[in-house]
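**Q** fold the following, please.
(one chain, ligands or ions: 1)
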Amino acid sequence: MAPPRATGRKQPRRLSDVDATVRYKRAAARAASEMVHEGMRLGLGTGSTVAQLLPALAARELHDLTCVATSPATERAARGLGLTVRSLDDVGELDMAIDGADQVDPQGWLVKGGGAAHTREKIVAAAARQFVVIASEEKAVPQLQPPVPLELIRFGAHMTLARLGQARLRDGVQASPDGGLIADYLGSIGEPRELAARLEATPGVVEHGLFAPEMVAVILIAGEAGVERRAGGAGG
Ligand code: 5RP
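**A** Coordinates of the predicted model:
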């Protein structure tokens with residue numbers, strides 16, 4: 001079996017740590033599900049924390065909730081639980097989007113894209129009036145660490161990687177559902193805003209996994225002490 005992919009965050013080591021992490025993800029997801037109301041248009045992220053959100057949302061039995069999914073996996077799971085899923089272009093502006101993160105720093109910067117869905121996730125987060133992040137406590141880090149996920153245009157991808165330096169295609173050469181190649185930037189992050197600007201200015205980079213604090217309304221971080229609510233840079 002391939003070793004787990006490095007994500008920059010602390011890895012839980014013991015089985016009991018893994019159980020605790022699942023409980024924390026569930027607690028953060030439940031807290032977020034309580035922020036969802038009848039009539040909302042809701043963006044759904046991707047990953048194991050969002051997988052805890054979907055049953056919590058379904059259990060709310062809201063009859064007038066329209067969801068937009070950021071990946072085929074989330075779309076399948078949401079529909080399987082009876083949630084209504086439509087395309088972003090059909091729905092338009094969203095009231096809220098809820099998603100996980102790989103890392104959250106004290107300023108509210110996020111690294112996302114461990115599940116290769118960061119391009120769609122950023123589009124959906126940007127379409128939402130409120131972007132709510134849910135995470136277990138090991139995602140809260142004092143400083144962001146590489147890797148930073150990337151999505152690249154296929155054409156000239158090796159030239160794009162060479163221009164970036166310290167970047168490589170993700171093992172198994174993963175592609176996004178939109179046909180982009182998934183890669184990771186492995187150089188040091190330093191000041192996230194500067195790296196974000198550099199990545200955005202590199203031809204061939206479709207999107208990167210750095211999410212700025214001003215995109216985020218609320219961050220819900222769950223641990224043994226309960227769910228901590230941090231206001232994001234967008235206020236919340
Ligand atoms: C997918 C993502 C996920 O939100 C991120 O990887 C966190 O995943 P998980 O909830 O499984 O820890 O950005 O592209």
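**Q** I'd say Val173 and Leu181 touch.
**A** Yes. Counting by Cβ atoms under 8 Å, Val173 does reach Leu181; the two are 6.7 Å apart. C-beta coordinates here come from the backbone N, C-alpha and C atoms, glycine included.
**Q** neighbour count: the two, which is higher?
**A** Leu181 (23 against 10; other Cβ atoms under 10 Å).
**Q** the residue lying closest to that one once chain neighbours are set aside and the ligand: what is the separation?
**A** Excluding its sequence neighbours, the residue lying closest to Leu181 (Cβ to Cβ, 6 or more residues apart in numbering) is Leu152, at 4.7 Å. To the ligand, Leu152 is 15 Å away according to Cβ to the nearest ligand atom, to the nearest Å.
**Q** near the ligand, which residues of the protein?
**A** Residues of the chain found near the ligand (Cβ under 6 Å from any ligand atom) are 45-49, 99-102, 112-118, 121.
**Q** from the residues you listed, which land in helices?
**A** Judged by DSSP state H, the subset of those located in helices is Ser48, Thr49, His118, Glu121.
**Q** please list only the buried members of those.
**A** Thr49, His118, Glu121 (16 or more other Cβ atoms under 10 Å).
**Q** in this structure the second one contacts Val148, no?
**A** The one in question is His118. No. In this structure, His118 is not within contact of Val148 by Cβ under 8 Å, at 9.3 Å.
**Q** now do the shared contacts for the two.
**A** His208, Gly209 (Cβ atoms under 8 Å, 6 or more residues apart in numbering).
**Q** domain-wise, how is this protein divided?
**A** By the assignment in automatic domain parsing, the chain contains the domains 15-138+209-224, 148-208.
**Q** dump the ones you listed to a markdown table, plus mean pLDDT.
**A** Converted to a markdown table, the domains of the chain look like this (pLDDT from 0 to 100):
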| stretch | mean pLDDT |
| --- | --- |
| domain 15-138+209-224 | 97 |
| domain 148-208 | 97 |
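**Q** I am finished for the moment; much appreciated.
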